[in-house]
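> The following comprises the amino acid sequence and a computationally predicted model.
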Amino acid sequence: MKKIAVYCGASAGNDAVYQKAAVKLGNYLVKHDFELVYGGGGIGLMGILANQVLSAGGKVHGVMPQELVERGAAFDKLTDLKVVANMSVRKQTMLAISDGCIALPGGPGTLEEIIEAFSWARLGDNPNPCTFYNVNGYYASLKTMFDEMTNKEFLTVADREKLLFSDSLDDIFSFMTSYVPPKIRTYPNASGL
């Protein structure tokens, strides 16, 4: 593992605990020789994380749709910035150039990106582990939802075990380094019920 995709808010949140978690993650990445892959913005948790990695001597790779670059959202201090056609291409590109995925707290975009990455893993289209950095219990209700999906048999127990919620970076990176992608489902009786 070399590059880690981190999904996080373009807002900083209303509690300093989230900002401190972004700084902590940035320091952790650099200390363990990981490079950051993220959305390329310079504000909110995205900006805090990127600034921390850069100030600690690390590398930061941004991926941003052209429309956001044109609106002035791109952070100008990055190691490199890939400008892509749209958000769909951004998500594909981030997965292609990274080796693992972490969601810091964020809004609907953060949630959409990490959930899609996990969904693609179940389809065999993403070999990267997906994790939630569950800062101050931010993702506790989502964890409960995934447990409920499993209880109601919309998600297999084996696949549920491929998604980690943790407030420990050591646990997150231990999970990622020992990760084996889900077994790809087959559909022997796809013709009907």
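Structure's in. What do you need? Residues are numbered from 1 along each chain as shown.
> which regions of the protein lie under the pLDDT threshold?
Across the chain, the ranges flagged by pLDDT under 70 are 190-193.
> Tell me which stretches of it form helices.
Taking DSSP state H to define them, one finds helices in the chain at 16-31, 44-55, 66-70, 87-97, 108-123, 140-151, 157-160, 169-177.
> what about these, which gets the closest to K77?
When these are compared by CB to CB, helix 44-55 sits nearest K77, at 5.9 Å. Using the backbone N, CA and C atoms, a C-beta is placed for each residue, glycine as well.
> That closest one: which residues count as buried?
Under the neighbour-count criterion of 16 or more other CB atoms under 10 Å, helix 44-55 has 44-54 buried.
> And it, how far out from the chain middle?
A distance of 15 Å separates the centroid of the chain from that of helix 44-55, by CA atoms, centre = their mean, to the nearest Å.
> which helices and strands does that helix pack with?
For helix 44-55, the packing partners by 3 or more CB pairs under 8 Å, 6 or more residues apart in numbering; DSSP states H and E come out as helix 16-31, strand 35-38, strand 60-65.
> what angle separates that helix from strand 60-65?
Taking axes from the mean of the first three to the mean of the last three CA atoms, to 10 degrees, helix 44-55 and strand 60-65 form an angle of 140 degrees between their directions.
> got the angle for helix 44-55 vs helix 108-123?
Using the same axes, to 10 degrees, helix 44-55 lies at 70 degrees relative to helix 108-123.
> Of the helices and strands packed on helix 44-55, flag the one that's most buried.
Per residue and on average, the most neighbours among the helices and strands packed on helix 44-55 fall to strand 35-38, with a mean of 24 (mean count of other CB atoms under 10 Å).
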